[in-house]
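>>> 3D, please:
(chains A, B, C and D)
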Number of protein chains: 2
Amino acid sequence: MGITKSEKFTEQQNQIANFAKAFGHPARVAILQHLFKINTCICGDLVEEIGLAQPTISQHLKELKNLGLIKGNIEGTKVCYCIHNENWTKMKLVMHEFLDQDILTTECC
Amino acid sequence: MGITKSEKFTEQQNQIANFAKAFGHPARVAILQHLFKINTCICGDLVEEIGLAQPTISQHLKELKNLGLIKGNIEGTKVCYCIHNENWTKMKLVMHEFLDQDILTTECC
DNA sequence: TACTTTAATCGTAATATTGCAATGTATTAA
DNA sequence: TTAATACATTGCAATATTACGATTAAAGTA
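Reported below is the predicted structural model:
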């Protein structure tokens, strides 16, 4: 059926999965890394940087924006994207809690 | 075309994406959380715990196993799954480096 | 041996994702 | 006003993912 049965899971589990899904494509990983690296908001040279077609990049940017991880400011004909630092920090809290749950447990097999 | 152009990205970027993809479904998040919670190797009661059909759970387990995040020991007719602690730690290093890249940068907009 | 239990695999349907050409839209430049 | 630039949107094709019924395989039990 190809449809995830989200109603079977907790809100936290779905939230983790949604963030993870955003990082589940190397293009989006590369976009985020580039935005961090450039630091100052640089505009749409992401297409050249990543090497995928412009509509494809635009689509990936939209997903990251919908999740709140980046924001885009229109500047003339260009759009300036950058990390949404506050939301990135919130996302990190959620993901770190998930990743670090092994700290509480002991080896078993 | 539905096919990810992995060759356009670095090995590190693809690795992050692959780990993230594993966490990109709430059933797999739930499975991992349950394995951590139970701690001692729990077997196919994951099917009851999660509430999806047995073949579906089996499929999710296979993905997690292929990535190396869990391991399964056959015990009679049952199979005992648990976290692969060493690989989990390695995965965490990769993911933490990605998530914490904001520490190095300063606000821009 | 025959039966049961447990889990993997196969096959298939439904839906999601990825990628891009073509097109649309808004702003700037001439 | 017209043309150019920069992105977003649309539409579609190819592939991937999710889910599960049916079946199979392996080990224990009667």
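
>>> Apart from its chain neighbours, what residue comes closest to residue A:88?
residue B:102 (5.5 Å; Cβ to Cβ, 6 or more residues apart in numbering or on different chains). In this view, the C-beta of every residue, glycine as well, is placed from N, C-alpha and C.

>>> Number of residues surrounding the one you found?
15 (other Cβ atoms under 10 Å in any protein chain shown).

>>> Which of the three states applies to it?
helix (DSSP: H, G, I helix; E, B strand; the rest coil).

>>> what sits against it?
A:36, A:83, A:85, A:88, A:89, A:92 (Cβ atoms under 8 Å, 6 or more residues apart in numbering or on different chains).

>>> average pLDDT for the helix or strand the first one falls within?
This points to residue A:36. Assessed by DSSP states H and E, residue A:36 sits inside helix A:26-38. Helix A:26-38 carries an average pLDDT of 95.

>>> quick check, distance from it to the centre of its chain.
9 Å (Cα atoms, centre = their mean, to the nearest Å).

>>> Stretch A:27-44 too?
Using Cα atoms, centre = their mean, the offset of stretch A:27-44 from its chain centre is 11 Å.

>>> Need the residues that contact it.
The contact list for stretch A:27-44 (Cβ under 8 Å, 6+ apart) reads A:22-23, A:46, A:49-50, A:52, A:56-57, A:60-61, A:63-64, A:69-70, A:73, A:75, A:78-83, B:4-5, B:8-10, B:13, B:16-17, B:20, B:98, B:101-102, B:104-106, B:108-109.

>>> if we go to 6 Å?
A:22-23, A:46, A:49-50, A:60, A:78, A:80, A:82-83, B:9, B:13, B:16-17, B:101, B:105, B:108-109 (Cβ atoms under 6 Å, 6 or more residues apart in numbering or on different chains).
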